[in-house]
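Undergrad: Quick one: sequence plus predicted model below, questions after.
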Amino acid sequence: GGGSVFVFAVACYGLLASDMFTLFERHSRTTKSRDKTNICIGGKLVPEFFVLGVAKSSTSTFAKNFATSDEVLLPTMIKGPKEPGFFASPFHRTNWTWIGMHYPDCQQKRRAVAVDMTTGYFSRQAWSVYQIFHMYSQHSLQFRLKFMVLLREPASRVQSHYYHSKAKGQCAHLQGMSSFQQVVEVIMTDGDCCRFA
């Protein structure tokens, strides 16, 4: 094909940010020379590396460690840079002007990788994948993208997601449920209304 898609499925990671970036660059060296340039659209750096999820799988810890590298650029967002959600909803009129507002001006003097670590892309995969592919393919950049998925033992992850959502007051279906066991029973009989699984 015209390029490659870099996919990690990681159950438990122990990589330092510098190790991760070295691995990222090693992959880039195996592709065409044009892939060593920074990805820019409309005069702005735009996301090249996506962490798709999943929620409650140490994505925040990974983001904090990964961002210690000078070459890694998280978006500047009012509510925090890890999960901008540019491609998360069909109701958002996603455009490059809006995305570019959150990243630096384009430069090619040194390697820089803009990142988007929105875990919601994993649970909304059909729409998010379409949006990402559609917008990047308009600039023939779809094969320059790299994706990573952090995974966790499923039962522990769902339990962690439950307690997180309960503490944040998320998901009306949790009201009246006093235990994780009740949540599991509801998921098994009525489906996953809160999208934990």
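TA: Perfect, I can see it now.

Undergrad: C-alpha only now, for contacts and for neighbours.
TA: Will do.

Undergrad: And the longest helix along the chain, how far out from the chain middle?
TA: As assigned by DSSP state H, the longest helix anywhere in the chain is helix 154-168. Computed by C-alpha atoms, centre = their mean, to the nearest Å, the chain-centroid distance of helix 154-168 equals 19 Å.

Undergrad: in its sheet, what does the longest strand along the chain sit against?
TA: When the chain is parsed with DSSP state E, its longest strand is strand 47-53. On the basis of DSSP bridges, the sheet neighbours of strand 47-53 come out as strand 113-116 (parallel), strand 146-150 (parallel).

Undergrad: Tell me which stretches of the chain form helices.
TA: Ranges of helices in the chain, per DSSP H, are 17-29, 59-66, 96-100, 120-123, 125-137, 154-168, 180-190.

Undergrad: Kindly compare burial across the ones you listed and name the winner.
TA: helix 120-123 (a mean of 20; mean count of other C-alpha atoms under 10 Å).

Undergrad: name the helices or strands packed onto that helix?
TA: The contact analysis (3 or more C-alpha pairs under 8 Å, 6 or more residues apart in numbering; DSSP states H and E) places helix 120-123 against strand 47-53.

Undergrad: what distance separates the strand it packs on from the centre of its chain?
TA: For strand 47-53, the distance to the chain centre is 4 Å (C-alpha atoms, centre = their mean).
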